[in-house]
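Asker: Give me a 3D structure for the following:
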Amino acid sequence: MNKARGGILLLLGFVGCGFAGCGPAPLMADSRPVEMSGWLSSDVAVFHWDVSDTTLKQHVMLDVRHGQDYEFSNIYLFLTYRYPNGKSRVDTLECVLADAYGKWRGSGFGDLVDQRFLVHEAVTFPVRGRYTLEVAHGMRMDPLEGMADIGLRLEASQ
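Answerer: Take a look at the predicted model:
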């Protein structure tokens, strides 16, 4: 009886790790829904976070969730970083969503596909205070159909 109970607990532990990710907890993780029927380029997803340790190296990642019916193999995103000292920087990021054969690179359940993209590896934020990241799509179709969520994730570099 104890072996059976131990096996069930072990199985539940593995399942729990699968849902939780079993990795280190992110320093920050947040997402913004976008209108799947049509994300306007003027509808900017805005993320805020605070930095107190300017020596901590972090990985900056974007999470992209789209529908199976999204009609492109990629998405271009405009990233506007706003620093606590009033300065800003704009980057353009291409996220490749499908391989050369049209197969989605991400994973998911049902009609949605989730993908994570490393934007900056082991970066430090040089100024203490509140940071902002604004994300807008840079595709020629406006509104853009088939996107569901955009997320920002910060993890400590090890």
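
Asker: contacting residues for residue 150?
Answerer: Taking Cβ atoms under 8 Å, 6 or more residues apart in numbering, we find residue 150 in contact with 31-32, 34, 45, 62-65, 77, 135. Just so you know, the C-beta spots here come from the backbone N, C-alpha and C atoms, and that holds for glycine as well.

Asker: can you pull the pLDDT of residue 43?
Answerer: Looking at residue 43, its pLDDT reads 96.

Asker: in what helix or strand does it lie?
Answerer: Per DSSP states H and E, residue 43 falls between elements, in no helix or strand.

Asker: so which of the contacts of residue 150 comes closest to residue 110?
Answerer: residue 65 (11.4 Å; Cβ to Cβ).

Asker: Surely that closest one is within a strand?
Answerer: Yes. Assessed with DSSP: H, G, I helix; E, B strand; the rest coil, residue 65 lies in a strand.

Asker: ok so, going back, just the ones of the contacts of residue 150 in helices?
Answerer: When DSSP state H is applied, the contacts of residue 150 are split such that none fall in helices.

Asker: filter these to the buried ones?
Answerer: Buried members of the contacts of residue 150, counted by 16 or more other Cβ atoms under 10 Å: 31, 34, 45, 62-65, 77, 135.

Asker: In TSV, list the residues you listed along with distance to residue 118.
Answerer: Shown next, in TSV, are those (distance: Cβ to Cβ, whole Å):
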residue	distance to residue 118
31	17
34	21
45	18
62	9
63	11
64	12
65	17
77	14
135	15
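
Asker: For the residue most central in space within the chain, which non-adjacent residue is closest in space?
Answerer: In the chain, the C-alpha nearest the mean C-alpha coordinate belongs to residue 63, at 1.8 Å (Cα atoms, centre = their mean). What sits nearest to residue 63 in space, not counting adjacent residues and going by Cβ to Cβ, 6 or more residues apart in numbering, is residue 151, at 3.4 Å.
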